[in-house]
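Participant: Whatever this is, show me its structure:
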Amino acid sequence: MHATTVAIDLAKDVFELTFADADHRILERKRLSRRAFAHVLDNRMPLRVVMEACGSAHYWARRFAGQGHTVRLLPARDVRPYVRRNKTDRTDVAGILEADRCAQIDPVPIKSPEQQGVQALHRIRERLKSQRTSTINLLRGVLREFGLIIPLGAAKVRPAVLAVLEDGDNDVPMALRHTLGELLDRLAGLQADMTVIEQRLEVFAENDPASQRYQGVPGIGLLTATALRASVGSLDRFRSGRHFAAWLGLTPREHSSGSHRHLGAMSKRGDGYLRLLLIHGARAALRAAQVRRGKDQPLDHLQAWALALQARQGHNKAAVALANKVARRVWAMEHHHTAFDSNHCSVRPAVATGLACAIE
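Facilitator: Below is the predicted model:
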């Protein structure tokens, strides 16, 4: 029997491989160093390569696909239930091979180097933002010990600290003043680095038609549009807008049996960063609808629906529901190759009072 499938447990230095035939019977096992693993499939006949979608998986997937092999990346959360007994590299790769037999597991699309680069820019920006926040909190905490309170808002930190440094009547020692000045310089550097990354994302979005279309949707700006393109890629791999929203973790977690159905809080599955951006964007869109209503300006159907839901369920639930709806409509926009329409409404079948138009 000849091997047709190879399951690979990726790592930094030691790689576990299991070769199997068409019936997933194990024929051979290998445990290789990184140097040996890089060339293990060079002279092999085309194989079906199965790996977890983990660190470095997309790099190896592109490399093996370039050699003529068929690559399938499986979500790590779907592989875990197939790992039996104690966790070892051998049981991990056996679990990957067993999970490959399940047709209900949707594979992860292989990302291009450009997609990974945009994702890396988002990660670096988030790390810089975290460092900026921690530096601001450090400045607030230090000055609070001397009875000096900085007003809320990141934009108010620098003027407040500069005022403290110029005030010679407070109790801040001179040695500390120099350090506080250095922290302000670091804060400015972090903000400048974030701005540069945003400019690079703008260049990507200008050359990507899908990112430009996404930015025409309420609640979706530069960050959300580029993160969608980098993390999701083409939306055609989702069967419907509801599947896309479920993949983002914006649907309720269900625990039902028989005739009893129970829906809980949102599942929070999928990419947490992408879900965060969509929900924050929905909050901004909801706030904009409130402002328009306060000024007696006309509302589109989506805004009217969101405000009505907010009145019934509260602001937070309305924001999550609006993010869910926006995600589904983005999928529909791409699927039907049409522009986003905030006034779109689906027509239900005729009822006793005539045709009812409902916002989905």
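Participant: drop to CA atoms for contacts and neighbour counts, all remaining ones
Facilitator: OK.
Participant: quick one, strands of the stretch 51-200 of the chain?
Facilitator: Applying DSSP state E, counting those that start in this stretch to the stretch 51-200 of the chain gives strands spanning 70-74.
Participant: how about the CA coordinates for stretch 272-288, as PDB?
Facilitator: C-alpha atoms of stretch 272-288 as PDB (Å, rounded to 0.1, in the frame of the first residue of the first chain):
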ATOM      1  CA  GLY A 272     -12.000  37.900  19.000                       C
ATOM      2  CA  TYR A 273     -10.200  40.900  17.500                       C
ATOM      3  CA  LEU A 274     -12.500  41.000  14.500                       C
ATOM      4  CA  ARG A 275     -15.600  40.600  16.700                       C
ATOM      5  CA  LEU A 276     -14.400  43.400  18.900                       C
ATOM      6  CA  LEU A 277     -14.000  45.800  15.900                       C
ATOM      7  CA  LEU A 278     -17.400  44.900  14.600                       C
ATOM      8  CA  ILE A 279     -19.100  45.500  17.900                       C
ATOM      9  CA  HIS A 280     -17.300  48.800  18.500                       C
ATOM     10  CA  GLY A 281     -18.300  49.900  15.000                       C
ATOM     11  CA  ALA A 282     -21.900  48.900  15.700                       C
ATOM     12  CA  ARG A 283     -21.800  51.100  18.900                       C
ATOM     13  CA  ALA A 284     -20.600  54.000  16.800                       C
ATOM     14  CA  ALA A 285     -23.300  53.500  14.200                       C
ATOM     15  CA  LEU A 286     -25.900  53.200  17.000                       C
ATOM     16  CA  ARG A 287     -24.600  56.500  18.500                       C
ATOM     17  CA  ALA A 288     -24.800  58.200  15.200                       C
END
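Participant: Can you name the residues in contact with it?
Facilitator: 218-221, 223-224, 227-228, 248-250, 268, 303, 306-307, 319-320, 322-323 (C-alpha atoms under 8 Å, 6 or more residues apart in numbering).
Participant: Now it: buried residues?
Facilitator: 274-287 (16 or more other C-alpha atoms under 10 Å).
Participant: Where strands are concerned, which of the contacts of stretch 272-288 count?
Facilitator: Applying DSSP state E to the contacts of stretch 272-288, no entry is found in strands.
Participant: From those residues, list just the buried residues.
Facilitator: 218-221, 223-224, 227-228, 248-250, 268, 303, 306-307, 319-320, 322-323.
Participant: Can you report phi and psi for the residue sitting furthest away from the middle of the chain?
Facilitator: Here the chain reaches farthest from its C-alpha mean at D169, the gap being 49.0 Å by C-alpha atoms, centre = their mean. Here the main-chain torsion angles of D169 (degrees, to the nearest 10) amount to phi -100, psi -10.
Participant: One more: Q67?
Facilitator: Note on Q67: its backbone torsions stand at phi -90, psi 0 [degrees, to the nearest 10].
Participant: Could you do R31 as well?
Facilitator: Backbone torsions for R31, taken as degrees, to the nearest 10, come to phi -130, psi 110.
Participant: Just the CA atoms of stretch 45-57, as CSV, please.
Facilitator: Extracted in CSV, the C-alpha atoms of stretch 45-57 (Å, rounded to 0.1, in the frame of the first residue of the first chain):
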residue,chain,number,x,y,z
MET,A,45,4.5,11.7,-5.1
PRO,A,46,1.6,14.2,-4.6
LEU,A,47,0.1,13.7,-1.1
ARG,A,48,-2.8,15.0,0.8
VAL,A,49,-1.2,17.1,3.6
VAL,A,50,-3.3,17.6,6.7
MET,A,51,-2.2,20.1,9.5
GLU,A,52,-3.7,22.2,12.3
ALA,A,53,-4.2,25.8,11.5
CYS,A,54,-1.7,27.0,14.0
GLY,A,55,1.6,29.0,14.1
SER,A,56,3.5,28.7,10.8
ALA,A,57,0.8,26.5,9.3
